[in-house]
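Engineer: how would this look folded up:
(chains A and B)
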Amino acid sequence: MKPTASRQESPAPYLWLLAGTLLVCLFLFNILFFIFYRGFPALSFDFLIQYPTEGMTQGGILPAIVGTVLLTLMTAVVALPFGIGCAIYLNEYAQDTWLTRSIRAAIRNLAGVPSIIFGLFGLALFVQGLQFGTSLLSAGLTLGLLSLPYLITTTEEALKTVPNAMREGALALGATQFETIRDIVLPQAIPGIATGTILSLSRAAGETAPILFTGAAFFITDVPRNPKEEFMALPYHLYMLSTQHQSIELVRPFAYGTAAVLITLVFLLNLTAIIIRKRYRTHHQ
Amino acid sequence: MIQIKHLNLYFGTKQVLKTIDLEIAAHKVTALIGPSGCGKSTLLGTLNRMHDLTPDVRMEGEIRVDQIDVLSPQTNVHQLRKKVGMVFQKPNPFPKSIYENVAYGLKINGVAKGEIDEIVEDSLRKSYLFEEVKDKLHEPATRLSGGQQQRLCIARTIAVHPQIILMDEPCSALDPISTGKIEELIGELRKDYTIVIVTHNMQQAIRVSDYTVFMYLGEVVEFSSTEAIFQSPTKELTKNYVKGHFG
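Structural biologist: You can find the predicted model right below:
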C-alpha cells in the first residue's frame, strides 16, 4: 500500500507544543532577569550578613534570611512526621472504606484552601487558642499544616511506585508488615519522598499570608533565639518593603535584592531534591 | 504434611474454591494444573495465608500444616510463612545486593550475625547459584538475569529453613535454558523440602512432580500420581485436558 499524503506526520502539533514550552520559558527567564537586574545594585556579601539599619534603607537582610531558614526547619519538624506517617497509613495499612475515602477527599480539598485561610486558622488556634503568641512556633505549625496535603500526596505517590511484588516477597519470608515497610518499601520510596518533602518545603518557605498574623515581624534587631520569639522572614520582608515602607522608592533595590535572595534559596532547595534523587537512582541500579 | 479439608474460598460473593479436600505428602513434589482461572494459584496462596493481603476474602474449612491450624486467626502468620516459603511467578528480588537478598530473611528472624555468611553461601550453593555470583555478592541483585534472579529468590526462601516451598508458575517468565535449570533444582530440593508447584506447562508437571492435582472451575477433578494423571486419567475432563483438547 502506498502511503498517502494524509498519513504523513503533520508538524503542526509539534510546533504548537514547542511554542507553548518556549512561551513558559520566556516568562520565567523574563521574571528572573528582571529581578536580578533590578536587585543587582543591592546585592553584596554585606547585604547577606548585616542587620538592617537606618529604617531599613541601609544594611542587609540577615535576620530575614535566618528567620526564613529557621521557619522552614520548624515547618519540616512539624510536617514530616505527620505527613509521612499519614501517607504510610493511607497507602500501606488503610483499607478502602468510606472513612479513608473521606480522608483522601479532605486532603485534596485542604490543598486547595487559600493560604490566607491557613493564616487565620493559625492565628485562632496557635496564637490565641493555645497561647503560643505570634512566634516562630505558631508560624511553623501553620506552615506545617499548609504543607501537609502536598507532602501526603507526594509521599503516597512515591509509595505507590514500589511494586507489590516487593511487599509480597518480604511477607512471604515471614516479615511483619512493619518490617516490610521499614526495610523494603521505604528505602525504595525515599527518593520520591525526599523530592516531595523539599518541594513542599520550598513552597512553604515562600509563603507570606500564613505567617502574616502568626509570627512574622516588620522589623526586629535580632535573630530569634527560641521558638516563642517573633522573627523576620524573606517573603514578608519583601511584601513590607514593596508596599508598607515609608519611602518605597528608596528601598526598591532592597526589595528586588530580597526577592533575588529568596528565589536563590528556593532554587538551592530544589537543587538538593534533584541531587538526592539522582544519587539514589545511581545507587540503587 | 498438608491437609486441606472442605476448603471454600470466596472473593466477595464469588466462590473461587469449592470444597477442596487434599492431602499433600511430605518430601514429594505436587503439581497443581488446570486451565487459567481454575483456582490453582488461589489454592496455593491459602497455604501460607497470602490472601491476608487481599480485601474481601472469606474462607471456610480447615488447612493443617504439620498440626498448625493455618486458617485460625490465632495462628502466628509470620511463623507459618517461615515454615511455608513461597517463590513467585515473576522473580522479585529486593533492590539490594545479592548477599542482602538472601540475608534479609535471616536478619528479621534474629539469626546471629556470625552465622549469616555461612547460611547465605549454603543457600546459594543449594540453589545452584553460588558459582555464578561468588565474586559479586555485593552487587545489586537486579543486575542478574531473569533465571538467576529466580534462583536467588529460591535461595532467599530456603535460607530461612522452611519445610514447604510453594512455587507459583516459577518458570513462566523464563527462557527454556533457565527453566531447565530451575526444574533440575526442584529435583534436587525435593530431598529436603515438600514442594507444591503451580504450573501451566503439562510437560513441566510430568518432568518435576510426583503427584498431580487437576483443577477445573475451583474444584479438584482428579488427584493422583503424576503418572496416573497423564497415562491413565479416570475422569473424562482430565483426559481431555492432558491431551490438550482445552485449556
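Engineer: so what's the residue count around A:Leu18?
Structural biologist: Other residues lying near A:Leu18 total 11 when counted by other Cβ atoms under 10 Å in any protein chain shown. For every residue, glycine as well, the C-beta is placed using N, CA and C.
Engineer: other SSEs contacting the helix or strand harbouring it?
Structural biologist: Under DSSP states H and E, the secondary-structure element containing A:Leu18 is helix A:12-39. Counting contacts by 3 or more Cβ pairs under 8 Å, 6 or more residues apart in numbering or on different chains; DSSP states H and E, the secondary-structure elements packed against helix A:12-39 are helix A:248-284.
Engineer: show me how far the helix it packs on is from its chain's centre.
Structural biologist: Between the mean C-alpha point of helix A:248-284 and the mean C-alpha point of its chain there is a distance of 11 Å (Cα atoms, centre = their mean, to the nearest Å).
Engineer: what does stretch B:36-55 give?
Structural biologist: With Cα atoms, centre = their mean as the basis, the distance from the averaged C-alpha position of stretch B:36-55 to the chain average is 11 Å.
Engineer: give me the mean pLDDT for that stretch.
Structural biologist: Regarding stretch B:36-55, the rounded mean pLDDT is 89.
Engineer: what does stretch B:204-217 give?
Structural biologist: In this model, stretch B:204-217 carries a mean pLDDT of 92.
Engineer: return the set of buried residues in that stretch.
Structural biologist: Judged by neighbour count using 16 or more other Cβ atoms under 10 Å in any protein chain shown, the buried positions of stretch B:204-217 are B:Gln204, B:Ala205, B:Ile206, B:Arg207, B:Val208, B:Ser209, B:Tyr211, B:Thr212, B:Val213, B:Phe214, B:Met215, B:Tyr216.
Engineer: the helix or strand harbouring A:Ile65: what's the following helix or strand?
Structural biologist: Taking DSSP H and E as the criterion, the element that holds A:Ile65 is helix A:62-88. Tracing the chain C-terminally past helix A:62-88 and defining elements by DSSP H and E, one meets helix A:98-111 next.
Engineer: show the pLDDT at A:Leu99.
Structural biologist: A:Leu99 carries a pLDDT score of 91 in this model.
Engineer: list the residues that contact it.
Structural biologist: Residues touching A:Leu99, when contacts are defined by Cβ atoms under 8 Å, 6 or more residues apart in numbering or on different chains, are absent altogether.
Engineer: show me the buried residues of stretch B:204-217 that map onto helices.
Structural biologist: When DSSP state H defines the helices, the subset of these inside them is B:Gln204, B:Ala205, B:Ile206, B:Arg207, B:Val208.
Engineer: please, where are all the helices along chain B?
Structural biologist: B:40-46, B:77-83, B:98-108, B:113-126, B:130-133, B:146-159, B:176-189, B:202-208, B:226-231, B:236-242.
Engineer: again, but for the stretch 101-250 of chain A
Structural biologist: For the stretch 101-250 of chain A, applying DSSP state H, counting those that start in this stretch gives helices covering A:115-122, A:136-160, A:164-172, A:177-180, A:186-205, A:209-212, A:234-243, A:248-284.
Engineer: what is the third one packed up against?
Structural biologist: The one in question is helix A:164-172. Using 3+ Cβ pairs under 8 Å, 6+ apart as the test, helix A:164-172 ends up in contact with helix A:177-180, strand B:84-87, helix B:146-159.
Engineer: perfect, I'm done here.
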